[in-house]
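[1] how would this look folded up:
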Amino acid sequence: MNPNIFREYDIRGTYPETINETVAYTIGRAYGSYIKEKLNQTTCIVSYDNRLSSPALEAYLIKGITDSGTNVYNYGLTTTPMHYYARYIHNLFGIMITASHNPKDDNGFKFSFDAYSNARGEMIEDFKNYCLAGKFTSGNGTVSTGNIEEKYIEFIRYSLDFGRRKRKVVIDCGNGTTSIIARKIFSKVNVECEYLFEENDGHFPNHHPDPNVEANLEALKKEVIKTKADCGLAFDGDGDRVGIVDEQGHVIPTDHFMILIIRNIINNVKNKTFLYDVKCTKALEDEIKRLGGTPVCYRTGASFTQAKMKEDNIPFGGEYSGHVYFRDKIADVGSGIYAGLRLLEILSKTNEPLSKLLSDIPKYYSTPEIKFPSKDETKFDVVDKIKYFCESQKWVLNTIDGVRVSFATGWALVRASNTGPNITMRCEATTEDGLKNLQTIFTNLINTYNK
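    Residues are numbered from 1 along each chain as shown. Here you go, the predicted structure:
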């Protein structure tokens, strides 16, 4: 087993080279043994996304779990948020087979060891060591099957309070796992929907289901303009991230969408603390302060974000990548579909177009998230070297996740990706020239050390 499949907040690799049936069986055997021995658990939840390799991996994963003597509730094909809901209603830990937004040949496992979130950081390191040691329990666990679809749909919709204005939305499922549930959910609320790429197809034949990459939203942008829709929504492969397009066909960055949500809920929540990751625009921090809230800049990673929000009872937070988490109305929801519904709920109570609602956000110039290929074995060392250089320059640093360097007129972030062999960079500045300058400085730094 390649130890590099164990990452900061999940297990992930390429099928069948580093993630395959043998690995799935071993992960299952280790997981069942681990929760039985260390956490006194006798049952767990298993489900999977619509990647082509997922059904085979599920079969071997479950075999490994039951051979450890641990029982399985098998919910089969679900989105990741549906899997979280299954864990919630059963009060159990579980494993979701998915590689989220990674390329179609990748796969992996998101898994939990506590009631807060998926395993993360030291939890995964401990599990890796346990897994590689190979000292597992034995037994004959049972498998039960179930379907949570109807309960999940009701759970998602019951807190929503739509106004009188019926809005039109184009929904791009990207042939991902939201294809199995999106229409059933949106049919329950007061919206007019058109769908793109709704067929459940793990080949992802139309575009890669990663809504954080603007090139993947081209068809959605065109359809929104063509049909004169009020907005467009796109989801990633396993359904826990959202991408948004306004009525003019412009992509709405997640951090701008977060500003819209915070404006909408801040007077209705007791705790006015809001969390965002290191990739987000300074405009978000500025707006939270302007509204009288407390901004918390935190590390990237769904597992870390979810856990931090529960620990500190934060009502809303998110990441630049499209993960957003609502805790203001109901139990924790980290669903791309639910995020889209909350946007439509706001639009249903105003006559203003989406672009107008966001038109007063201060203008910063920013790059997208830029990726530099870097070996898993060396990428963290590269970032450390850049950190030491920045320290030597006496620059203002935030090192909670990589290196975020703040200047009077902008900031730059360099971090090692936890989901692939990459170093990522993002820069933001008050002027275009300032942005170009930051991008040049930090691109040169990465190229200098990334050899």
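[2] Isn't I156 up against G334?
    No: if you go by CB atoms under 8 Å, I156 and G334 don't touch, sitting 11.8 Å apart. C-beta coordinates here come from the backbone N, C-alpha and C atoms, glycine included.
[3] Dead centre of this structure: give me the residue that sits there.
    The centre of the chain sits closest to H323, judged by CA atoms, centre = their mean, with a distance of 4.0 Å.
[4] you'd agree that one is up against F304?
    No: taking CB under 8 Å as the definition, H323 is not a contact partner of F304, at 10.7 Å.
[5] And the contacts of the worst-scoring helix or strand of the chain on mean pLDDT?
    Sorting the helices and strands of the chain by mean pLDDT, DSSP states H and E puts helix 302-311 at the bottom, at a mean of 92. For helix 302-311, the surrounding residues in contact (CB atoms under 8 Å, 6 or more residues apart in numbering) are 8-10, 110, 114, 116-121, 240, 275, 277, 296, 298-299, 314, 317-319, 323, 325, 327, 332, 334.
[6] For the stretch 101-250 of the chain, just list every one of the helices.
    122-133, 149-157, 182-186, 218-227 (DSSP state H, counting those that start in this stretch).
[7] okay, these in CSV with mean pLDDT and distance to C427 next?
    As requested, the helices of the stretch 101-250 of the chain are exported to CSV (pLDDT from 0 to 100; distance: least, CB to CB, whole Å):
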stretch, mean pLDDT, distance to C427
helix 122-133, 97, 30
helix 149-157, 95, 36
helix 182-186, 98, 35
helix 218-227, 98, 24
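[8] thinking again about what came up before, of the contacts of helix 302-311, buried ones?
    8-10, 110, 116-120, 240, 275, 277, 296, 298-299, 314, 317-319, 323, 325, 327, 332, 334 (16 or more other CB atoms under 10 Å).
[9] and those, which of them are in strands?
    Of those, the ones assigned to strands by DSSP state E are 110, 275, 277, 296, 298, 317-318, 325.
[10] Nearest to K451 among those?
    Nearest to K451 among those: D277, at 28.1 Å, using CB to CB.
[11] From Y364, how far off is the closest one?
    16 Å (CB to CB, to the nearest Å).
[12] nearest spatial neighbour of Y320, skipping sequence neighbours?
    Sequence neighbours aside, K279 is the residue nearest to Y320 in space, at 3.6 Å (criterion: CB to CB, 6 or more residues apart in numbering).
[13] make that T78, sorry
    Ranked by CB to CB, 6+ apart and with sequence neighbours excluded, the top spatial neighbour of T78 is S47, at 4.2 Å.
[14] In terms of secondary structure, what does the helix or strand that contains that neighbour contact?
    Element membership of S47 [criterion: DSSP states H and E] is strand 43-48. Helices and strands touching strand 43-48, as assessed by 3 or more CB pairs under 8 Å, 6 or more residues apart in numbering; DSSP states H and E, comprise helix 21-37, helix 54-67, strand 71-77, helix 80-90, strand 94-97.
[15] Most tightly packed of the ones you listed?
    strand 94-97 (a mean of 28; mean count of other CB atoms under 10 Å).
[16] Give me the contact list for that one.
    Strand 94-97 has contacts (CB under 8 Å, 6+ apart) with 24, 27-28, 31, 44-49, 51, 54, 57-58, 61, 65, 73, 78, 80, 83, 86-87, 107-112, 238.
[17] one more time with 7 Å
    Strand 94-97 is contacted by residues 31, 44-49, 54, 57-58, 61, 80, 83, 86-87, 107, 109-112 when judged by CB atoms under 7 Å, 6 or more residues apart in numbering.
[18] Same question for stretch 378-392.
    374, 397, 399, 402-403, 405, 414-416, 421, 423, 445-446, 449-450.
[19] And for the closest residue to Y116 other than its chain neighbours, the neighbour number?
    Take Y116 and drop its neighbours on the chain: the residue closest to it by CB to CB, 6+ apart is A307, 4.2 Å away. Neighbours of A307 under the rule other CB atoms under 10 Å: 21.
[20] Which two of the ones in strands among the buried ones among the contacts of helix 302-311 have the greatest separation?
    Longest span within these, CB to CB: K110 and V296, 23.4 Å.
[21] So what are the sheet partners of the strand holding S47 and their directions?
    strand 71-77 (parallel), strand 94-97 (parallel) (DSSP bridges).
[22] what would these look like in a markdown table with distance to F186?
    Shown next, in a markdown table, are the strands paired with strand 43-48 (distance: least, CB to CB, whole Å):
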| stretch | distance to F186 |
| --- | --- |
| strand 71-77 | 19 |
| strand 94-97 | 23 |
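[23] Which one, of those strands, ends up nearest to D286?
    strand 94-97 (35.7 Å).
[24] got the CA coordinates for the closest one in CSV?
    The C-alpha trace of strand 94-97 is given here as CSV (Å, rounded to 0.1, in the frame of the first residue of the first chain):
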residue,chain,number,x,y,z
GLY,A,94,-18.8,5.8,8.5
ILE,A,95,-16.9,5.7,5.2
MET,A,96,-17.8,7.5,2.0
ILE,A,97,-16.1,6.1,-1.2
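[25] Report the rounded mean pLDDT for that strand.
    For strand 94-97, mean pLDDT is 98.
[26] how close does the closest residue to V269 other than its chain neighbours sit to Y325?
    Distances taken as CB to CB, 6+ apart put P315 closest to V269, at 4.3 Å, once the chain neighbours are dropped. Look at P315 and Y325: by CB to CB, they are 9 Å apart.
[27] got it, and T137?
    T137 is 34 Å from Y325, by CB to CB.
[28] Domain-wise, how is the chain divided?
    Domains of the chain are assigned by automatic domain parsing as 3-147, 151-357, 365-449.
[29] Quick check, pLDDT for A115.
    69.
[30] ah, wrong one, I meant Y158
    The model's pLDDT for Y158 equals 89.
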